[in-house]
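In: Here is my input; please provide its structure:
(2 chains)
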Amino acid sequence: KAGVTQTPRYLIKTRGQQVTLSCSPISGHRSVSWYQQTPGQGLQFLFEYFSETQRNKGNFPGRFSGRQFSNSRSEMNVSTLELGDSALYLCASSLRLAGRYNEQFFGPGTRLTVL
Amino acid sequence: DQQVKQNSPSLSVQEGRISILNCDYTNSMFDYFLWYKKYPAEGPTFLISISSIKDKNEDGRFTVFLNKSAKHLSLHIVPSQPGDSAVYFCAATTGGTSYGKLTFGQGTILTVHP
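Out: Down below sits the predicted model:
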């Protein structure tokens, strides 16, 4: 079974631009969560999508947004990029079955550099 | 406010010995805990998890212990192998409406020497 895939793997942008990152979950997984990893803040939760609806949101400004499509693929968008947005962006998918917790499985991440 | 803390930034162990990685949490609403391993330039890999209704879970060389009264969990790796060298993160979730939200510790760098 293919794992979580993320595209692109590396991205360089300049301040003020916007960027869109893509995540394809493991087949059959319906929940996609996004995380930001930086040396200073560690791994921080951005948001979770399930059945095309945002279910949870972390403490990030409104410049960070996302969406999920009917095939469970998800995109996240960052507008008006700032230098501090340079990070590894990870997405994770899970089955999200009712009644028990289902572990999240991570993709390789997208390394975003803002110049 | 860091709700999940890994107080040891690094740990060095000899091959064949036991590695013990520790994690403390402050949020009593956490009801599910996980350990992930991460190599550079890769996403975290799920290792093992434990529900708050248990105090121990074993999977091969990996055992996770949970002490709810102390709000402490630990990961034991026996025997340690050089391939275990990586960054280890503990994570926790409250489940329910926060199902998809994991709160991570800062990570512990494990180095296993041959």
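
In: and chain B, which residues reach chain A?
Out: B:32, B:34, B:36, B:41-46, B:49, B:51, B:89, B:91, B:93, B:95, B:97-107 (CB under 8 Å from any CB of the partner chain). From N, CA and C alone the C-beta is placed, and that goes for glycine too.

In: Skip the chain neighbours and tell me the closest residue to residue 32.
Out: Because you didn't say which chain, this covers chain A. Distance criterion CB to CB, 6 or more residues apart in numbering or on different chains; nearest residue to A:V32, sequence neighbours excluded, is A:S74 at 4.0 Å.

In: ah, no, chain B please
Out: The shortest distance from B:Y32 to any non-neighbouring residue, by CB to CB, 6+ apart, is to A:Y101 (4.6 Å).

In: What pLDDT does the model give the one you found?
Out: What the model reports as pLDDT for A:Y101 is 77.

In: for A:F47, same thing?
Out: 95.

In: burial count for B:C23?
Out: 26 (other CB atoms under 10 Å in any protein chain shown).

In: where's the nearest residue to it once chain neighbours are set aside relative to chain A, distance?
Out: Among residues not flanking B:C23 along the chain, B:C90 sits closest, at 3.6 Å (CB to CB, 6+ apart). From B:C90 across to chain A, the span is 11 Å (CB to the nearest CB, to the nearest Å).

In: Quick check: beta-bridge partners of B:C90?
Out: Assessed by DSSP bridges, B:C90 has beta-bridge partners B:W35.

In: For A:L46, see how far away it is.
Out: 20 Å (CB to CB, to the nearest Å).

In: Find the residue closest to B:K56 in space, skipping its chain neighbours.
Out: B:F65 (5.5 Å).

In: same for the helix or strand that neighbour falls within, what does it pack against?
Out: Per DSSP states H and E: B:F65 is located in strand B:62-67. Strand B:62-67 sits against strand B:32-38, strand B:45-51, strand B:56-59, strand B:72-77, with contacts defined as 3 or more CB pairs under 8 Å, 6 or more residues apart in numbering or on different chains; DSSP states H and E.

In: can you do 7 Å?
Out: Here strand B:62-67 touches strand B:45-51, strand B:56-59, strand B:72-77, going by 3 or more CB pairs under 7 Å, 6 or more residues apart in numbering or on different chains; DSSP states H and E.

In: mind putting those in a markdown table, distance to B:P9 and mean pLDDT included?
Out: A markdown table is the format used below for these (distance: least, CB to CB, whole Å; pLDDT from 0 to 100):
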| stretch | distance to B:P9 | mean pLDDT |
| --- | --- | --- |
| strand B:45-51 | 19 | 95 |
| strand B:56-59 | 25 | 97 |
| strand B:72-77 | 16 | 98 |
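
In: any chance of those in JSON lines, with distance to A:S79 and mean neighbour count too?
Out: Compiled in JSON lines, those are given as follows (distance: least, CB to CB, whole Å; neighbours: other CB atoms under 10 Å in any protein chain shown):
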{"stretch": "strand B:45-51", "distance to A:S79": "31", "mean neighbour count": "17"}
{"stretch": "strand B:56-59", "distance to A:S79": "42", "mean neighbour count": "12"}
{"stretch": "strand B:72-77", "distance to A:S79": "38", "mean neighbour count": "20"}
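
In: Kindly reformat these as CSV containing distance to A:L115.
Out: Listed next are those as CSV, based on distance: least, CB to CB, whole Å:
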stretch, distance to A:L115
strand B:45-51, 31
strand B:56-59, 43
strand B:72-77, 38
